[in-house]
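J.: give me the fold of what follows.
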Amino acid sequence: MNENLNVEQNNTSIKKAVKKVNIEQESSNLLTNNVIIEGFEPYFIDTNFSLYLGDCLSLLKRIPDNSINVIFADPPYFLSGGGITCSSGKMVSVNKASWDTQMHIQEIHSFNKDWLSECQRILKKDGTIWISGTFHNIYSVGLGLQELGYKILNNITWYKSNPPPNLSCRYFTHSTETILWASKNKKSKHYFNYAFMKELNNGKQMRDVWEFPVINKKEKIHGKHPTQKPKKLLERIILASSEEGDVILDPFNGSGTTGIAANELKRKYIGIDITEEYLDITIKRFNNIQHSFL
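T.: Okay, here's the model as predicted:
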């Protein structure tokens, strides 16, 4: 592809950013421990990092207006209906979990508009939201963004350099995923770290096709999540749209990749998930990183 990045240089730039964060973490006074949701007991809390167990809609309603800088959301794909896919060379079910079961399109769209509406309320006036998804749900999300008055900034195509094969041989291999980036409304003056994104792309303007491999085994050593995203993908999103000390929220925390990336890059984090098992994986990942700094 014409947009292939120089992977080695990109990784070096990210590592430099993370290393700089690690060195300054103890001495920095930028961050304060205010990433809590009033009225709810955190499932886990540490400096600038908190996790909540529960339904995202209930918890989002308790977050104050205009308080979040950036939201990353990877909502259910609603594709769990008995199909098959390939994982590590083996045929497996596409069923993710009870939270991903198929629903009527009108129910799906209503659900998407509900959580998107709450996210719009809690975003700061110049805040932005990123939503990842496949064709199973992303078109409903895009329509919901438009109906609620968000301004869609970019339609990012994540090109997976090592996608699993299509076992049915009746379709093209699914090798991309869509990530929508939107600001709170059409008047928002969103933050974009244009210069650093250009630097990552060898001095050229970064395009909206991003190439990253699917998740590797090393990122799943503390437990597996069926739709876990690569940390490098979240690092780029966070570096592109936020500054140190900003508050990042993920209403579908999963195994916590957003939070791990946010913590390493010196952002505050709030993660919400309805599944205790996934929050436990997040805690293991978080503790592992904290110990590695010692």
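J.: show me where pLDDT drops low in the stretch 151-294 of the chain?
T.: Where the stretch 151-294 of the chain drops to pLDDT under 70, the residues are 223, 225, 291-294.
J.: repeat that with 90
T.: Counting by pLDDT under 90, the stretch 151-294 of the chain shows low-confidence ranges at 162-169, 171, 214-228, 289-294.
J.: now the helices for it?
T.: Applying DSSP state H, counting those that start in this stretch to the stretch 151-294 of the chain gives helices spanning 194-200, 231-241, 257-264, 276-292.
J.: and the first one, what does it pack onto?
T.: Spelled out, it's helix 194-200. Contact analysis of helix 194-200 by 3 or more C-beta pairs under 8 Å, 6 or more residues apart in numbering; DSSP states H and E lists helix 7-24, helix 231-241 as its packing neighbours. (Glycine included, C-beta is placed from N, CA and C.)
J.: got the contact list for the shortest one?
T.: I take that to be helix 231-241. Residues outside helix 231-241 that contact it (C-beta atoms under 8 Å, 6 or more residues apart in numbering): 11, 14, 17-18, 70, 72, 128, 130, 158, 179, 181, 190-193, 196-197, 200, 210, 212, 219, 248, 257-258, 260-262, 264-265, 267.
J.: how far is it from where the chain is centred?
T.: The chain centre lies 9 Å from the centre of helix 231-241; the measure is C-alpha atoms, centre = their mean, to the nearest Å.
J.: pull the CA atoms of that helix into PDB?
T.: Extracted as PDB, the C-alpha positions of helix 231-241 are listed here (Å, rounded to 0.1, in the frame of the first residue of the first chain):
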ATOM      1  CA  LYS A 231      -1.500  -1.000  21.900                       C
ATOM      2  CA  LYS A 232       0.400   0.800  19.100                       C
ATOM      3  CA  LEU A 233      -3.000   1.700  17.600                       C
ATOM      4  CA  LEU A 234      -4.200   3.300  20.800                       C
ATOM      5  CA  GLU A 235      -0.900   5.100  21.300                       C
ATOM      6  CA  ARG A 236      -1.300   6.800  18.000                       C
ATOM      7  CA  ILE A 237      -4.900   7.800  18.800                       C
ATOM      8  CA  ILE A 238      -4.000   9.200  22.200                       C
ATOM      9  CA  LEU A 239      -0.900  11.000  21.000                       C
ATOM     10  CA  ALA A 240      -2.800  12.500  18.000                       C
ATOM     11  CA  SER A 241      -5.700  14.000  20.000                       C
END
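J.: from Leu57, how far off is Lys268?
T.: Distance of Lys268 to Leu57, computed by C-beta to C-beta, to the nearest Å: 22 Å.
J.: could you do Ile274 as well?
T.: Separation of Ile274 from Leu57 (C-beta to C-beta): 10 Å.
J.: of these two, which one has the most company?
T.: Legend: neighbour count by other C-beta atoms under 10 Å for Ile274 and Leu57, higher for Ile274 (18 against 14).
J.: on the three-state scheme, His109 is what?
T.: Here His109 is recorded as helix under DSSP: H, G, I helix; E, B strand; the rest coil.
J.: kindly provide the distance from the nearest residue to it once chain neighbours are set aside to Ile156.
T.: Leaving aside its sequence neighbours, His109 sits nearest to Ser140 (C-beta to C-beta, 6 or more residues apart in numbering; 4.7 Å). Using C-beta to C-beta, Ser140 is found at 18 Å from Ile156.
J.: ok, Lys224 next?
T.: 25 Å.
J.: can you pick out the residue with more neighbours from those two?
T.: A direct count of neighbours by other C-beta under 10 Å for Lys224 and Ile156 places Ile156 higher, at 21 against 15.
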